[in-house]
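> Predicted model, plus sequence, below.
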Number of protein chains: 2
Amino acid sequence: MVRPEVVLFGDSITEQSFRLRGWGSSLTDTYARKADVVLRGYGGYTTRLALFLLPQIFPLDSPKPPAAVTVFFGANDAALLGRASERQHVPLEEYTENLKKIVRHLKKCSPMMLIVLITPPPIDEDGRDAYARSLYSDQARALPERTNEAAGTYAKACLLVARELGVRSIDLWSKMQETEGWQKKFLSDGLHLTPEGNSVVYHEVIHVFDEAWLSAQAMPYDFPHHSEIDWEHPEKAFQQPKCA
Amino acid sequence: MVRPEVVLFGDSITEQSFRLRGWGSSLTDTYARKADVVLRGYGGYTTRLALFLLPQIFPLDSPKPPAAVTVFFGANDAALLGRASERQHVPLEEYTENLKKIVRHLKKCSPMMLIVLITPPPIDEDGRDAYARSLYSDQARALPERTNEAAGTYAKACLLVARELGVRSIDLWSKMQETEGWQKKFLSDGLHLTPEGNSVVYHEVIHVFDEAWLSAQAMPYDFPHHSEIDWEHPEKAFQQPKCA
């Protein structure tokens, strides 16, 4: 039985996706008995650092490459120069090139792979400020280390990469801002996701997977549902194990 | 980078472990960047059916057997003969033998594997009854299809197997009943787990893993924490990738 694998590759927003009502947990539940969801989230990482991980997380000679990968970086790349998080800053052009390198590597890993680029979420600057003050009190930085405008620029670049390389994308930056009160509804500290924010990501990913060839509803169980088993002769149900 | 794998093998209580505050989600979050949690839960399954899955989920020739497996069956095996769920019933002696076969197979798969047997949870007979009535109204079965006493008998047998074969165990049946109001606090329909019930399982599993050689705190990250990276020369941090 070889189940397809779905790898969640990204920064802290991916790493934390199995916390309270996280989008990773919800995906795992939706694909239970059908596909495996694999967590590869690295808090604080940027696309520049992600390049170092590619050969090991996605080896080109893997006998079983993932069926799908979500690529969810940019929130750290978009940190501003000259501000508190500047060491994470990756210039826009380099971010674009790095994303392309990631996509090209994944395609090389498997031309069949369903690749989904997710833009960084919007930034609630007030929320970031309140968060910084809660940590550092009066020593909090006077100027925001991330702005919504900068995140939007990186989001647009991400969507362009997806279009140019012919892979799917989720415009999370725009999607979240369609909802009034998105700042507090979807973001817990101006950047990371609330349970409702996690739900947005989950539904967007499911939507893209459904449109592609990875609809959980359409996928077979790896082993028979208990209602399909002849309980007098259970061996019959297992003679031809289903493989996805 | 080869991360250790933790496989959750069981029935619906395992299958549903990635729902709201599920114990599977919590384990995945705890072991993020350290070990992979793999969901192998099959609603309605008994130890008799589990035997059919063993060769495929745990092939003996696997180059990378799991580091740890939780084996969590019995809730269905303990369904009573002559009642609504009797087709799931597995006689106590056969349940014992099946559990032994599972443990022996896993040991053959890898003598190093950390095997944890989890007993079935207690049964809240009133809760089961209310659940049946909510589904079938007056046609609900007059007699319980599961009793707490029967579940307790299977739980004791499970603990004996663990002792006899020298593997670890979690006495969930007893543990839950130590808390007043366990019936509604830990069980949603008299059998499946509430978020609080999931939390009990999570903490028990973590406790056993910590005592053994799988303490999340003691395990290294698969790749460097961002605070360990020299951002001027990030390549240095990735020259010697850490392997767990």
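Okay, I see it.

> Run a quick neighbour tally on the closest residue to residue A:153 other than its chain neighbours.
Using Cβ to Cβ, 6 or more residues apart in numbering or on different chains and skipping the chain neighbours, the partner closest in space to residue A:153 is residue A:92 (6.3 Å). Quick note: C-beta positions are derived from backbone N, CA and C, even for glycine. A total of 15 residues lie near residue A:92 under the criterion other Cβ atoms under 10 Å in any protein chain shown.

> doesn't residue A:153 make contact with residue A:74?
No: using Cβ atoms under 8 Å, residue A:74 makes no contact with residue A:153, being 9.8 Å away.

> who has more neighbours, these two?
residue A:74 (29 against 17).

> Give me the nearest residue to the more buried one, chain neighbours excluded.
residue A:120 (3.7 Å).

> what's near enough to touch the one you found?
Listed by Cβ atoms under 8 Å, 6 or more residues apart in numbering or on different chains, the contact set of residue A:120 reads A:73-75, A:77-78, A:151, A:154-155, A:158, A:172-173.

> tally of neighbours for the nearest residue to residue A:113 once chain neighbours are set aside?
Nearest residue to residue A:113, sequence neighbours excluded (Cβ to Cβ, 6+ apart): residue A:106, at 5.5 Å. Number of residues near residue A:106 (other Cβ under 10 Å) recorded here: 24.

> repeat for residue A:25
28.

> how close does it get to residue A:80?
32 Å (Cβ to Cβ, to the nearest Å).

> Return the list of helices and strands in contact with the helix or strand of chain A with the lowest mean pLDDT.
In chain A, no helix or strand scores lower on mean pLDDT, DSSP states H and E than helix A:125-136, which sits at a mean of 84. Contacts defined by 3 or more Cβ pairs under 8 Å, 6 or more residues apart in numbering or on different chains; DSSP states H and E place helix A:125-136 against helix A:182-185.

> Kindly export the helix it packs on (C-alpha atoms) in PDB.
What follows is helix A:182-185, C-alpha atoms only, in PDB (Å, rounded to 0.1, in the frame of the first residue of the first chain):
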ATOM      1  CA  TRP A 182      -9.300  40.300   9.000                       C
ATOM      2  CA  GLN A 183      -6.600  41.900  11.200                       C
ATOM      3  CA  LYS A 184      -7.800  40.400  14.400                       C
ATOM      4  CA  LYS A 185     -10.100  37.700  13.000                       C
END
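
> any idea which helix or strand comes after that helix?
helix A:195-211 (DSSP states H and E).

> Establish whether that following helix and chain B are in contact.
No: judged by Cβ under 8 Å from any Cβ of the partner chain, helix A:195-211 stays clear of chain B, getting no closer than 9.7 Å.

> Stretch A:37-50 now?
Yes: applying Cβ under 8 Å from any Cβ, one finds that stretch A:37-50 is in contact with chain B at A:38-39, A:41-45, A:48-49.

> I'd like the mean pLDDT over that stretch, please.
The average pLDDT for stretch A:37-50 rounds to 98.

> Start and end of it, how far apart?
Taking Cα to Cα, to the nearest Å, stretch A:37-50 runs 19 Å from one end to the other.

> and residue A:41, bridged to which residues?
Judged by DSSP bridges, the bridge partners of residue A:41 are residue A:10.

> For it, list the residues it contacts.
Counted by Cβ under 8 Å, 6+ apart, residue A:41 has contacts A:8-17, A:24, B:32-33.

> can you tell me which of the residues you listed are in helices?
In helices, defined here by DSSP state H, the members of these are A:12-15, A:24.

> Out of these, grab the one that's most surrounded.
Tallying neighbours with other Cβ under 10 Å puts residue A:24 at the head of the ones in helices among the contacts of residue A:41, with 29 neighbours.

> Could I get the contacting residues of that one?
A:8, A:14, A:17-18, A:37, A:39, A:41, B:25, B:28.

> rerun at 10 Å
A:6, A:8, A:14-18, A:37-39, A:41, A:70, A:198, A:201-202, A:205, B:18, B:25, B:28-29, B:32 (Cβ atoms under 10 Å, 6 or more residues apart in numbering or on different chains).

> do the same with residue A:116
So residue A:116 contacts A:6, A:8, A:68-72, A:162, A:167-170, A:204-205, A:208-209, A:212, A:214 (Cβ under 10 Å, 6+ apart).

> Please, which helix or strand holds it?
Going by DSSP H and E, residue A:116 is in strand A:114-118.

> pretty sure residue A:59 is touching residue A:66, no?
No: Residue A:59 lies out of contact with residue A:66 (Cβ atoms under 10 Å); the separation is 11.2 Å.

> So which of the contacts of residue A:116 belong to strands?
Counted as lying in strands by DSSP state E, out of the contacts of residue A:116, are A:6, A:8, A:68-72, A:168-170.
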